[in-house]
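A.B. asks: Sequence and predicted model, in that order:
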Amino acid sequence: MEDTCKIFMNRGWLFSSEFSMAMTEKNYEGEMEEVCLPHTVAVTPFNSFSSKVYEKVSAYRKTFASQETWAGKKIILTVGAAAHKSDVFLNGKLLASHCCGYTSFSVDITDALSPAGGENVLCIRVDSRECLDQPPFGFVIDYMTYGGIYRDVYLEVRNPVFIEDVFVTTKKNEFTSRVTLNKESGSSYLIQQELFEWSDECGEEKILASVTCGLRGKTTLTSASAAGVRQWNLESPALYCLRTSLLDSEGNEVDSKTVRFGFREIRFDASGFYLNGIKLKIRGLNRHQSWPYVGYAMPKNMQREDADILKYELALNEVRTSHYPQSRHFVERCDEIGLLVFTEIPGWQHIGKSPEWREQALGNVRDMVLQYRNNPSVFMWGVRINESQDDDELYEKTNALCKSLDPSRPRGGVRCIKKSHLLEDVYTYNDFSFAGEGLGVERKKKITDTKKGFMVTEYNGHMYPVKSFDTERLRTEQARRHAVVLDAVAASDEHSGSSGWCAFDYNTHKDFGSGDYICYHGVMDMFRNPKTAAYLYKSQGDADLVGNVLEISSSMDIGDYPAGNIGSVWAFTNADSVRVSVNGTFVKEYFAKKDSPFKHLLHPPILIDDLYGSYIKNWGSSSVDCKFEAVRDGQVVSSCTKASSSDVFVKAVARRTLLVEDESYDIASVNFFACDQAGNVRPYCQEAILLRTEGPVELIGPCALSLKGGMAGTYVRTCLSDKGLAPCEAKDAALVITDWLGREARVEFKIARKCVSEL
């Protein structure tokens, strides 16, 4: 969907964990490591490491030749993100600095290039220390901030006058665009626009609307209506493209730019959140963009995979990108699948006092809005530092700037204080009031007096951290607490919705984790393996979205409980009822509407509180097989059996087995589960497994893993050495897993290459 040729520069970089000015010069001959982007300055252990391992000043160096076709053109370098302060040198000359690790930045390198055929040395100094005078730094932070150039880098070859930006807003079937050139142009240029439906498959484009107009200075407004366009919504996220061409006086195309967007209207008020005029209860979780070992440095398909996990494995309709803007690949995938995104400027509680810090916060607002304002999934901007105190002087500026750049979306600012000064459109509040008993959330009137919209942006989290290897009753209690809050929000007309803390466990500083530098607040672990609470969220999705869900909270092992008293058992399902049989004899059917204390959830957890004592004997009785069957419309749609384990084996699951190298390498996540003969995960199996690869792939992380909560994970990265591999060809690869008894299992992969323009 790109018009100007992007020349990707992700391969062939040289890296040093120490920087010197000599590295910026052409004649530098020191030792450096060859790397590919995305890249992290330090591969970390899974846990128990300090932020000092990535706090350094590093150098990235790449050599490339100027092309004859670049004569008379503008050459623009774009860095998708580099954590956290970047200085860009070309041929020894400092061209630009960027002081945010979470937004992209572009540099005009034209005047510093060598003549055609000449060699250029691009060197980027990356400072990933946490002492920088810029957001989010200045005090403590509850997340690791990592370091490195961890998103794509590319060049664009543009004419001297080019389209810098196109911003599209919609109302019903009408669209308005603001076209901005890189500089003032004469009246000899025209703008021509064509609207067509986006598709991820090649095919004929049907033009739905067209516009032709003259230029009015640097910025020109256009508008038109299009018959038959569909609205972007969560069930059918229709996307459209607006191709804008810049024509000279003879009708020749000088430049073009295509942006993708959706026709949709959003509104917050005291009664709730509305998408296209339809009231919608927001159900989301917070996401950190980090993974084990490599931190932020994951390529396109892993970013897209996270969006799919949130939508299809957790049945969410919203995600908050805590606490910074995240990958364009992630947000674009949210556009495609219908997942709302609340994104915010970088920060965590601390507001800097220096003019530089505060000015950078404003710059972060500008970059965030300009880079994501065409994404229809983005429904609200966060223009306050997360959980910071009121600072009207700063936040009046962030609100005004955001509104000037995008008046079409509401603004929020996540706070943890009551009766805060509300300068935004929505009071976004972290409600950690629920501690196991009582109301799931506080009444709005206790938090704010505003008549504007109100949304809970965090809950649970640190109130009840749970590890995947904790006891069953702790894992079950985490799920119950999430259910209590979700049910309370669903029952409230005051709450537009909620984003729970959080989707995935993440590495953090020691003060915030469990002493091992991991924050265990997620409903999934860092490898995206589900804890019990994950099934609560998944069960809220209909079967056509997430499949038939049936998860029982207990393994039915009495020895895991004091006095052998298992007590209440929960069935998480999107069916109508659950039938229970013991040793082949039907004992009872439990119904969602009748046998759940959660009366406001679409698919409430079903309480099974009388199996032990009533139907199953205690110590000394014979082995018991419990069969659970999920029933919808009178038909069994799913079943599971809890019985004594006769065997435990490793089940390996890869979400993708076709890996495609395009603008960079590709990665597959592989998850491991210690399963019994009935397919149940055995959470206390902590044995070790060994990993090795075959073919053009390599492991990220160690080759020996211990299971945690009966689960683990790894990442398989492509490493094609044959750059001449045709797009239609594919190579075989495999991951071989050896368990603690010497048994082997395999995951087979196909590795392919897609042709892209690259240096």
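C.D. replies: That came through, no problem. Residues are numbered from 1 along each chain as shown.
A.B. asks: where do the helices sit along the stretch 151-300 of the chain?
C.D. replies: With DSSP state H, counting those that start in this stretch as the criterion, the stretch 151-300 of the chain has helices at 300-308.
A.B. asks: which residues of it score low on pLDDT?
C.D. replies: Flagging of the stretch 151-300 of the chain using pLDDT under 70 yields the residue ranges 186, 202-203.
A.B. asks: how does it look with 80?
C.D. replies: Along the stretch 151-300 of the chain, segments meeting pLDDT under 80 span 185-187, 201-204, 216.
A.B. asks: And for the stretch 601-750 of the chain?
C.D. replies: If you take pLDDT under 80 as the line, the stretch 601-750 of the chain has these spans: 610-624, 645, 720-729.
A.B. asks: Past the lengthiest helix in the chain, which element shows up next along the chain?
C.D. replies: When the chain is parsed with DSSP state H, its longest helix is helix 472-491. The element immediately downstream of helix 472-491 (helix or strand, assigned by DSSP states H and E) is strand 497-500.
A.B. asks: Tell me which residues are up against that next one.
C.D. replies: Residues external to strand 497-500 that are found in contact with it (CB atoms under 8 Å, 6 or more residues apart in numbering): 272-273, 280-286, 318-320, 342, 431, 441, 455-461, 482, 485-486, 489, 523. To be clear about C-beta, it is placed using only N, CA and C from the backbone, and glycine gets the same treatment.
A.B. asks: let's see 7 Å
C.D. replies: Residues outside strand 497-500 that contact it (CB atoms under 7 Å, 6 or more residues apart in numbering) are 273, 281-286, 318, 320, 342, 455-460, 482, 485, 489.
A.B. asks: how about the helices of the chain, start to end?
C.D. replies: Going by DSSP H, the chain shows helices at 300-308, 328-337, 355-372, 392-405, 444-447, 472-491, 532-538, 543-546, 611-614.
A.B. asks: which of those is buried the deepest?
C.D. replies: Mean neighbours per residue, mean count of other CB atoms under 10 Å, is largest over the helices of the chain for helix 532-538, with a mean of 26.
A.B. asks: Go ahead and produce CSV holding the CA coordinates of that helix.
C.D. replies: Output in CSV follows, covering the C-alpha atoms of helix 532-538 (Å, rounded to 0.1, in the frame of the first residue of the first chain):
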residue,chain,number,x,y,z
THR,A,532,-6.6,-19.5,34.5
ALA,A,533,-7.8,-15.9,34.3
ALA,A,534,-7.2,-16.0,30.5
TYR,A,535,-10.0,-18.4,30.1
LEU,A,536,-12.4,-16.1,31.8
TYR,A,537,-11.7,-13.5,29.1
LYS,A,538,-11.8,-16.0,26.3
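A.B. asks: same question for it, mean pLDDT?
C.D. replies: For helix 532-538, mean pLDDT is 98.
A.B. asks: Likewise for stretch 370-389?
C.D. replies: Mean pLDDT, stretch 370-389: 98.
A.B. asks: Would you mark the buried spots in that stretch?
C.D. replies: By neighbour count with 16 or more other CB atoms under 10 Å, stretch 370-389 contains the buried residues 370-388.
A.B. asks: just to revisit the earlier point, out of the helices of the chain, flag the one nearest residue 255.
C.D. replies: With CB to CB, the closest approach to residue 255 among the helices of the chain belongs to helix 355-372: 18.3 Å.
A.B. asks: ok, and what's touching the closest one?
C.D. replies: 99-100, 103-104, 133-135, 138, 165, 325, 331, 343, 345-346, 352, 378, 381, 383, 394, 397-398, 401-402, 405-406.
A.B. asks: try 8 Å this time
C.D. replies: 99-100, 102-105, 133-135, 138, 165, 325, 328, 331, 343-347, 351-352, 378, 381, 383, 385, 394, 397-398, 401-402, 405-406.
A.B. asks: export the helices of the chain to TSV and tack on distance to residue 709?
C.D. replies: Formatted as TSV, these follow (distance: least, CB to CB, whole Å):
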stretch	distance to residue 709
helix 300-308	20
helix 328-337	26
helix 355-372	36
helix 392-405	41
helix 444-447	36
helix 472-491	8
helix 532-538	10
helix 543-546	22
helix 611-614	24
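A.B. asks: Lowest average pLDDT across these?
C.D. replies: helix 611-614 (a mean of 68).
A.B. asks: Tell me which stretches of the stretch 551-700 of the chain form strands.
C.D. replies: 569-573, 577-582, 585-591, 606-608, 626-632, 635-642, 648-654, 658-661, 667-676, 688-694, 697-700 (DSSP state E, counting those that start in this stretch).
A.B. asks: Dump stretch 428-440 to PDB, keeping only the CA atoms.
C.D. replies: In PDB, the C-alpha atoms belonging to stretch 428-440 read as follows (Å, rounded to 0.1, in the frame of the first residue of the first chain):
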ATOM      1  CA  THR A 428      -9.800   7.700  32.600                       C
ATOM      2  CA  TYR A 429      -9.100   6.200  36.100                       C
ATOM      3  CA  ASN A 430      -7.100   3.300  37.500                       C
ATOM      4  CA  ASP A 431      -9.500   1.700  40.000                       C
ATOM      5  CA  PHE A 432      -7.700  -0.700  42.400                       C
ATOM      6  CA  SER A 433     -10.400  -0.600  45.000                       C
ATOM      7  CA  PHE A 434     -11.400  -4.200  44.800                       C
ATOM      8  CA  ALA A 435      -9.300  -6.400  47.200                       C
ATOM      9  CA  GLY A 436     -11.300  -9.600  47.100                       C
ATOM     10  CA  GLU A 437     -14.600  -8.600  48.800                       C
ATOM     11  CA  GLY A 438     -17.300  -6.000  48.100                       C
ATOM     12  CA  LEU A 439     -17.900  -4.000  45.000                       C
ATOM     13  CA  GLY A 440     -15.800  -4.600  42.000                       C
END
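A.B. asks: Report the buried residues of it.
C.D. replies: Going by neighbour count (16+ other CB under 10 Å), the buried part of stretch 428-440 is 428-434, 440.
A.B. asks: what's the answer for stretch 502-522, then?
C.D. replies: Those would be 502-509, 512-513, 516-522, for stretch 502-522 by 16+ other CB under 10 Å.
A.B. asks: returning to that earlier point: from the buried residues of stretch 428-440, pick the one nearest residue 546.
C.D. replies: Looking across these and measuring by CB to CB, the closest to residue 546 is residue 440, at 23.2 Å.
A.B. asks: is it true that that closest one touches residue 487?
C.D. replies: Yes: between residue 440 and residue 487 there is a contact under CB atoms under 8 Å: 6.3 Å.
A.B. asks: Between the strands of the stretch 551-700 of the chain, which one is closest to residue 239.
C.D. replies: Once the strands of the stretch 551-700 of the chain are compared by CB to CB, strand 658-661 is nearest, at 21.8 Å.
A.B. asks: Parallel or antiparallel, list what pairs with the closest one.
C.D. replies: Applying DSSP bridges to the sheet, strand 658-661 is found paired with strand 744-753 (parallel).
A.B. asks: Tell me which residues touch the nearest residue to residue 649 once chain neighbours are set aside, please.
C.D. replies: Among residues not flanking residue 649 along the chain, residue 675 sits closest, at 6.1 Å (CB to CB, 6 or more residues apart in numbering). Counting by CB under 8 Å, 6+ apart, residue 675 touches 648-651, 681-682.
A.B. asks: Once you drop chain neighbours, what's closest to residue 738?
C.D. replies: Nearest non-adjacent residue to residue 738 (CB to CB, 6+ apart): residue 690, at 4.3 Å.
A.B. asks: How about the contacts made by that neighbour?
C.D. replies: 703-704, 737-738.
A.B. asks: just checking, which of the residues you listed belong to strands?
C.D. replies: 704, 737-738 (DSSP state E).
A.B. asks: got the residue ranges for the strands in the stretch 51-200 of the chain?
C.D. replies: 57-65, 74-79, 82-83, 85-90, 93-98, 105-108, 119-127, 148-149, 153-158, 163-171, 174-181, 190-197.
A.B. asks: which residues are contacting the last one?
C.D. replies: It stands for strand 190-197. 175, 177, 179, 205-215, 220, 222, 224, 226, 229, 238-247, 251.
A.B. asks: got it, and the second one?
C.D. replies: Taking CB under 8 Å, 6+ apart as the criterion, the residues outside strand 74-79 that touch it are 86, 88, 98, 104-110, 113, 122, 124, 149, 151, 153-160, 162, 182.
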